[in-house]
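K.L.:
sequence first, then the predicted structure, then my questions.
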Amino acid sequence: MIEKIYLDYLNSVQEIPVYTEEPLNKPEEYYLLEKTGSGFENHIFTATLVIQSYGGSLFRAAEMNEQIIQVMHNSVVLDEVGSCRLNSDYNFTDTSTKRYRYQAVFDIVHY
């Protein structure tokens, strides 16, 4: 399961916690990982993963976004990952909760 592979990887290589669902006791800074799509062709899997960076300020959320992009680019060292490409990233501040966040979308090829 690609979400589990990335959850374990991200939590092992950087200090800010990564979750796959909103934590009950939200820390000021954390990442939220979600798979938003997937495919399979010629015995090769693809997935679209989204990582939301929650920070205490808009600038901090943007910094965290840049950091997680670098970490994701390095994920090609994983045996299960063929490629990881940044599709898009942008300010995604949550207006309902007034929490600062950025969102990065990645296209993953995995086995």
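P.N.:
That came through fine.
K.L.:
for the most centrally placed residue in the chain, give its distance to residue 62.
P.N.:
Taking Cα atoms, centre = their mean, the centroid of the chain lies closest to residue 51, which sits 2.7 Å from it. Between residue 51 and residue 62 the computed distance is 13 Å (Cβ to Cβ, to the nearest Å). All C-beta atoms are positioned from the backbone trio N, CA, C, and that covers glycine.
K.L.:
check what pLDDT the residue nearest to the centre of the chain gets.
P.N.:
Reading off the per-residue confidence, residue 51 sits at a pLDDT of 98.
K.L.:
that one contacts residue 108, doesn't it?
P.N.:
No: taking Cβ atoms under 8 Å as the definition, residue 51 is not a contact partner of residue 108, at 11.4 Å.
K.L.:
what's near enough to touch residue 36?
P.N.:
By Cβ atoms under 8 Å, 6 or more residues apart in numbering, the residues touching residue 36 are 48-50, 105.
K.L.:
out of the residues you listed, grab the one that's most surrounded.
P.N.:
Counting by other Cβ atoms under 10 Å, residue 49 has the largest number of neighbours within the contacts of residue 36, with 23 neighbours.
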